[in-house]
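Colleague: Generate coordinates for the sequence data below:
(chains A and B)
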Amino acid sequence: GAVVSQHPSRVICKSGTSVKIECRSLDFQATTMFWYRQFPKKSLMLMATSNEGSKATYEQGVEKDKFLINHASLTLSTLTVTSAHPEDSSFYICSARVADRYNEQFFGPGTRLTVL
Amino acid sequence: QKEVEQDPGPLSVPEGAIVSLNCTYSNSAFQYFMWYRQYSRKGPELLMYTYSSGNKEDGRFTAQVDKSSKYISLFIRDSQPSDSATYLCAMTYGQNFVFGPGTRLSVLP
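Modeller: Numbering: from 1, shown residues only, chains lettered A, B, ... in the order given. Model (predicted):
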């Protein structure tokens, strides 16, 4: 149990376009989902926390208009990178937390974004 | 001082060795402690989850928590090349969930 999927696993886009990444909890309801960014050989950097049905809470320094997060249901959250630029190229990982397993996060496999 | 400190490595060991991975933390409020394993270009995978001080064993893995010293460890016995990955400690209290920076481990055949 506690499987989280992400789609797409890899995306290459042109500078100026927008990219949407989906994060789904497959066998449980995720009251909270997290979005992380990770550069090569670096640790996870929390970008934002989203609770189902409410606005996401962004970490300091993360542009909310640049990284749009929607958590419309208990099994789906989306991250849209708007007007992507080469510096947005990174590995984006989502995780989900179950209401009654409060202290565990279950991670998706990640999405590698390359902006040309 | 960072909330959670972890030696980034890289740590290289021969196959069969016992590996010790460690994290220290500064906030005594942390109550739950976890170890994640992350293979290259993959999402982290939960390995061990502990609450109280002491040891917890799962196969070749042993997690150790010393709350008085604010120190946690993960031991890997009989290490295998397939254990080569980045290991991240994580800890939580209330709504706060904090990761260590991760230690890169290479187990050489």
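Colleague: Isn't B:Ala90 up against B:Phe99?
Modeller: Yes. Counting by C-beta atoms under 8 Å, B:Ala90 does reach B:Phe99; the two are 4.8 Å apart. (Glycine included, C-beta is placed from N, CA and C.)
Colleague: Touching both of the two, which residues are there?
Modeller: Common contacts of B:Ala90 and B:Phe99, defined by C-beta atoms under 8 Å, 6 or more residues apart in numbering or on different chains, comprise B:4, B:36.
Colleague: so does the lowest-mean-pLDDT helix or strand in chain B get close to chain A?
Modeller: Ranked by mean pLDDT, DSSP states H and E, the weakest helix or strand in chain B is strand B:96-99, scoring a mean of 84. Yes. Strand B:96-99 is in contact with chain A by C-beta under 8 Å from any C-beta of the partner chain, via B:97, B:99.
Colleague: again, but for stretch B:58-72
Modeller: No. Stretch B:58-72 lies out of reach of chain A by C-beta under 8 Å from any C-beta, never closer than 13.4 Å.
Colleague: residues in contact with that stretch?
Modeller: With C-beta under 8 Å, 6+ apart, stretch B:58-72 has contacts from B:22-26, B:28, B:33, B:35, B:47-48, B:50, B:52-57, B:73-79, B:89, B:91.
Colleague: For the lowest-mean-pLDDT helix or strand in chain A, give me every contacting residue.
Modeller: Sorted by mean pLDDT, DSSP H and E, the helices and strands of chain A end with strand A:101-107, the least confident at a mean of 78. The contact list for strand A:101-107 (C-beta under 8 Å, 6+ apart) reads A:2-4, A:25, A:34, A:93-98, B:31-32, B:34, B:36, B:43-46, B:49, B:90, B:92, B:97.
Colleague: Mind checking which of those land in strands?
Modeller: Of the contacts of strand A:101-107, the ones assigned to strands by DSSP state E are A:4, A:25, A:34, A:93-98, B:32, B:34, B:36, B:45-46, B:49, B:90, B:92, B:97.
Colleague: Drop anything exposed from the residues you listed.
Modeller: The neighbour-count criterion (16 or more other C-beta atoms under 10 Å in any protein chain shown) marks A:4, A:25, A:34, A:93-98, B:32, B:34, B:36, B:46, B:49, B:90, B:92, B:97 among these as buried.
Colleague: Okay, now the unreliable bits of chain B?
Modeller: Residues of chain B meeting the criterion pLDDT under 70: B:1.
Colleague: So which residues on it come close to chain A?
Modeller: Residues of chain B lying close to chain A by C-beta under 8 Å from any C-beta are B:31-32, B:34, B:36, B:41-46, B:49, B:88, B:90, B:92, B:97, B:99-102, B:104.
Colleague: With that, I have no additional questions.
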